[in-house]
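Trainee: sharing a model prediction with you, sequence too.
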Amino acid sequence: MAKISFPQRVEPRRELAPELRGIEQLSWLMDRAIKIPGTQITVGLDALLGLLPVGGDVLTGLIQTGIVLAALFHYRVPRAVAARMAANVLLDTALGAIPFVGDVFDVFFKANTRNLKLLQHVQEQRSQQREVETWRSMAVLVFLALVLLTMLALLVIGSLAVVAWLFRRPLA
């Protein structure tokens with residue numbers, strides 16, 4: 001009889017500053033708590049709750065929003081960094097709500113881990129008495145805005161084309 005072995009639990013890293021441990025634990029739970037057997041892929045509650053139609057993505061989006069609010073008000077991250085963190089949450093929530101595609105997206109796009117890295121970067125720069133760099137966050141936000149505006153323009157053009165096509169059709 002073959003022995004069944006369960007994968008070991010993936011533990012969060014412990015070298016973080018004590019003030020970030022709570023957010024790191026939550027990030028780990030949401031993104032990396034369970035290792036998929038036979039792979040290096042980890043998932044968390046975000047991917048699992050995302051399997052629930054609509055409500056799962058809303059719930060995980062609320063938790064992710066709490067992390068961003070904590071970063072903004074408790075850790076005083078610059079607004080550009082907080083906006084980038086919010087964009088990660090919006091992207092994860094919006095794309096995660098798409099059936100099947102969103103579930104796969106949730107496994108690989110780990111918004112909480114990305115936001116934790118942004119927060120760690122801010123804390124690291126502050127500990128070195130340097131001004132927090134925001135140009136990367138601004139560049140990402142500008143890129144996302146351009147992508148969204150392009151998608152909106154294509155949606156408007158497509159809608160107008162459909163309406164024009166409908167008016168050209170004979171009624172009978």
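Mentor: Nice, thanks for sending it over. Numbers count the residues shown, from 1 in each chain.
Trainee: would you map the strands across the chain?
Mentor: Secondary structure of the chain, counting by DSSP state E: strands at 34-35, 42-43.
Trainee: winner for burial among those?
Mentor: Across the strands of the chain, averaging neighbours per residue (mean count of other C-beta atoms under 10 Å) puts strand 42-43 on top, at a mean of 20. Glycine gets a C-beta too; all of them are placed from N, C-alpha and C.
Trainee: that strand pairs with which strands, parallel or anti?
Mentor: Applying DSSP bridges, strand 42-43 is found paired with strand 34-35 (antiparallel).
Trainee: which ones are touching the closest residue to residue 68 other than its chain neighbours?
Mentor: Using C-beta to C-beta, 6 or more residues apart in numbering and skipping the chain neighbours, the partner closest in space to residue 68 is residue 85 (4.6 Å). Taking C-beta atoms under 8 Å, 6 or more residues apart in numbering as the criterion, residue 85 is in contact with 67, 68, 71, 77, 114, 115, 118, 119.
Trainee: and the pLDDT at the second one?
Mentor: Meaning residue 68. For residue 68, the pLDDT comes out at 88.
Trainee: would you mind confirming that it makes contact with residue 114?
Mentor: No: the criterion here is C-beta atoms under 8 Å, and residue 68 misses it with residue 114 at 11.2 Å.
Trainee: which residue of the two possesses the greater neighbour count?
Mentor: Between residue 68 and residue 114, counting by other C-beta atoms under 10 Å, residue 68 is the more crowded of the two (25 against 19).
Trainee: and stretch 55-71, what's buried?
Mentor: Residues of stretch 55-71 classed as buried by neighbour count (16 or more other C-beta atoms under 10 Å): 56, 57, 59, 60, 61, 63, 64, 67, 68, 70, 71.
Trainee: for residue 53, grab the count of nearby residues.
Mentor: By the measure other C-beta under 10 Å, the count of residues near residue 53 is 9.
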